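Enquirer: sequence first, then the predicted structure, then my questions.
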Amino acid sequence: MYGIKRRNTSYSGAGNRESIYDLTIPEMWNSRIVIFLHGYMGYKDWGCWSLVEHYFTNEGYGFVKYNVSHNGGTVDNPIDFDDLDAFSMNNYSKEIDDFESICRLIIDEFSQSEIYLIGHSRGGGIALLQSQHDRVKKIATLAAISSIGHRFPTGNNLLEWKKNKISYRKNGRTKQEMPSHISQYEDYLMNKDRLDIEKYCRKSKIPTCVVHGTADLAVKIGEGVAISEWLNVKLFEMEDVAHTFGSSQPWLEKELPLVLETACNHILTFFEFENK
């Protein structure tokens, strides 16, 4: 039964939009499956994420990583952002729906498995919003966001967005101007309670590990501090470590960068031994 490896397998995500996932079940499987959630402008094959998968499958864990359905990628081109219309209409509620689709898929096929989460950046925020999920055993975050509301512009920038309906942010890798429709903000206003990371952390009964670098300029260390305080857990603070934990795209090495391997070591120890 075990020794399963799938790549770029399709699933139906938010709004029935088709996207893709990878799944590995090692031959010596421990009945635990890690679901990995990528961040903003991210995708499952970015940088070192495949090496993170390899790290955990070598330790006996199953591993699933997936593209959120509206990340701008397509089934045929999952790395570059060919569908900017889809990207513009993405929102946090859709990413929660995507997670549920992946989770159901795993539960349906591996009904007795224990589910563990690792979320990076925005994906870390989505992972924390699963703190009431009855099938999630443990959660680990890498440079997670602490607030969805704080991701949106304010003042004149918000007024300009409302007026124009679209705002743009440049992607440093592809050099594309990535559009965001005002409906993203409107969805947040309609679903504030479900998207309240602080509330879900304070009410969490799921053991959670929080990892953050002190040199993170994209999601400041203060967000990791806040999350750990809400959860009443000790923050694993990594000195002079930036947002991507030493990794980059493309990553041409065959080994994890040392700081990301250190983070994985800490998460593995937490998954295996620690309790909240």
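Expert: Received the coordinates, thanks.
Enquirer: close enough to count as contact, Lys192 and Gly149?
Expert: Yes - between Lys192 and Gly149 there is a contact at 7.4 Å, judged by C-beta atoms under 8 Å. Placement of C-beta: from N, CA and C, glycine included.
Enquirer: could you give the number of residues near Ser111?
Expert: 7 (other C-beta atoms under 10 Å).
Enquirer: Glu229 belongs to a helix?
Expert: Yes - assessed with DSSP: H, G, I helix; E, B strand; the rest coil, Glu229 lies in a helix.
Enquirer: any idea how far Ser146 is from it?
Expert: 10 Å (C-beta to C-beta, to the nearest Å).
Enquirer: distance of Arg7 relative to Ile115?
Expert: In terms of C-beta to C-beta, Arg7 sits 21 Å off from Ile115.
Enquirer: repeat that for Gly13.
Expert: Distance from Gly13 to Ile115, by C-beta to C-beta: 18 Å.
Enquirer: re earlier: neighbour-wise, which of Glu229 and Ser146 wins?
Expert: Ser146 (25 against 15).
Enquirer: contacting residues for the more buried one?
Expert: Gly125, Ile197, Glu198, Glu223, Gly224, Ala226, Ile227 (C-beta atoms under 8 Å, 6 or more residues apart in numbering).
Enquirer: and if you look at Trp230?
Expert: Trp230 touches Glu198, Cys201, Arg202, counting by C-beta under 8 Å, 6+ apart.
Enquirer: got it, and Thr262?
Expert: Counting by C-beta under 8 Å, 6+ apart, Thr262 has contacts Met238.
Enquirer: returning to what we had before: from the contacts of Trp230, which land in helices?
Expert: Applying DSSP state H to the contacts of Trp230, the entries found in helices are Glu198, Cys201, Arg202.
Enquirer: tell me the most packed of the residues you listed, by neighbour count.
Expert: Going by other C-beta under 10 Å, Cys201 tops these with 24 neighbours.
Enquirer: in the stretch 1-150 of the chain, which spans are strands?
Expert: 4-12, 18-25, 32-37, 62-66, 114-120, 136-142 (DSSP state E, counting those that start in this stretch).
Enquirer: please name the nearest non-neighbouring residue to Tyr168.
Expert: Among residues not flanking Tyr168 along the chain, Glu177 sits closest, at 4.4 Å (C-beta to C-beta, 6 or more residues apart in numbering).
Enquirer: likewise Asp216?
Expert: Using C-beta to C-beta, 6+ apart, the nearest residue to Asp216 is His243, at 4.6 Å.
Enquirer: ditto for Gln249
Expert: Closest to Gln249 by C-beta to C-beta, 6+ apart is Gly47, at 4.6 Å.
Enquirer: next, count neighbours for the one you found.
Expert: Neighbours of Gly47 using other C-beta under 10 Å come to 21.
Enquirer: that older thread, can you tell me the element the residue nearest to Asp216 falls in?
Expert: Using DSSP states H and E, His243 falls within no helix or strand.
Enquirer: which pLDDT value belongs to it?
Expert: His243 carries a pLDDT score of 98 in this model.
Enquirer: how deep is Ala215 tucked in, by neighbour count?
Expert: Based on other C-beta under 10 Å, the number of other residues close to Ala215 is 12.
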